[in-house]
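Visitor: Pasting the sequence and the predicted coordinates here, then a few questions.
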Amino acid sequence: MKTLFKAFVAATALLAFTQVQAADAAVPKYDDPYKMMEVLADKTFQRIARQQADIKKDPEILRTIVTEELVPYIDSRYAAGYVIGNAVKLNTVPKQDFNTFVTAFQNYMVGTYAGVFTQYRDQQVMIEPGQAIEAQKKIITIRTRVIDPGKPDIKIEFKLRRVKDANNWLVFDMVAEGISLLDSKRSELGSMIRQQGLVSVAALLEEKAKAPIKAPEKAKNA
């Protein structure tokens, strides 16, 4: 039976996969990626509902929720490497420069998706039923449908990869209506990275990340 859990935004914010993975031993690990997504969405939205009054007064609380509830389940370094792509040769980039970019990209995406959370209206996401996963399988896709009454369903696919030397999974990409978030960010930032370098682009992302949390312009004008 398909698992139903609340909020379109849960699916969207889960895609803030470009964040730096928190090295917190207390964070639960899941060998069942379907269970991980269900628990993650439930925890996130219980917290949003619980803090809704405070969030209306101070939307910055959403930044904290994204960081604490979502970031630990994102394979940020893998995602950042993909976004960089062939814009630079990673084996020639100082480790510190790469880490600086990953951190900046994390902060930028945390702010972006915290903004999406401001649109929470109790939408629902239906996730496909869990399936057996072969032991040698490294990457899987989990399909979902966003249900918003009065609007067409939105198809969203989550890409997850098995963590090396560990029996747990992390999200690294989302494909919404056929559009990959990683691919779109690679297209957006690739030429900038080639021309300006990782550190310069990281500084730009950090500046953007400092913007106050607010709903995306499109949503406000809708």
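Guide: Nice, thanks for sending it over.
Visitor: Look at residue 146 and give its secondary structure.
Guide: Per DSSP: H, G, I helix; E, B strand; the rest coil, the secondary structure class of residue 146 is strand.
Visitor: how deep is it tucked in, by neighbour count?
Guide: When counting by other Cβ atoms under 10 Å, one arrives at 22 neighbours for residue 146. In short, each C-beta sits where N, CA and C put it, glycine included.
Visitor: ditto for the one 4 residues further on
Guide: Burial of residue 150, expressed as a neighbour count using other Cβ under 10 Å, amounts to 4.
Visitor: Adjust the sequence numbering to begin at 189 for everything that follows.
Guide: All set: I'll call the first residue 189, so the last point we hit is now residue 338.
Visitor: So which other helices or strands are in contact with the helix of greatest length in the chain?
Guide: What stands out as the longest helix in the chain, according to DSSP state H, is helix 283-305. When contacts are defined as 3 or more Cβ pairs under 8 Å, 6 or more residues apart in numbering; DSSP states H and E, helix 283-305 packs onto helix 196-201, helix 249-253, helix 264-272, helix 386-397.
Visitor: Would you single out the least confident of the ones you listed?
Guide: When the helices and strands packed on helix 283-305 are compared on average pLDDT, helix 196-201 comes out lowest at a mean of 36.
Visitor: next SSE after that helix?
Guide: helix 221-238 (DSSP states H and E).
Visitor: pLDDT on the next helix or strand after that following helix, on average?
Guide: Using DSSP H and E, the helix or strand that directly follows helix 221-238 along the chain is helix 240-245. Average pLDDT, helix 240-245: 92.
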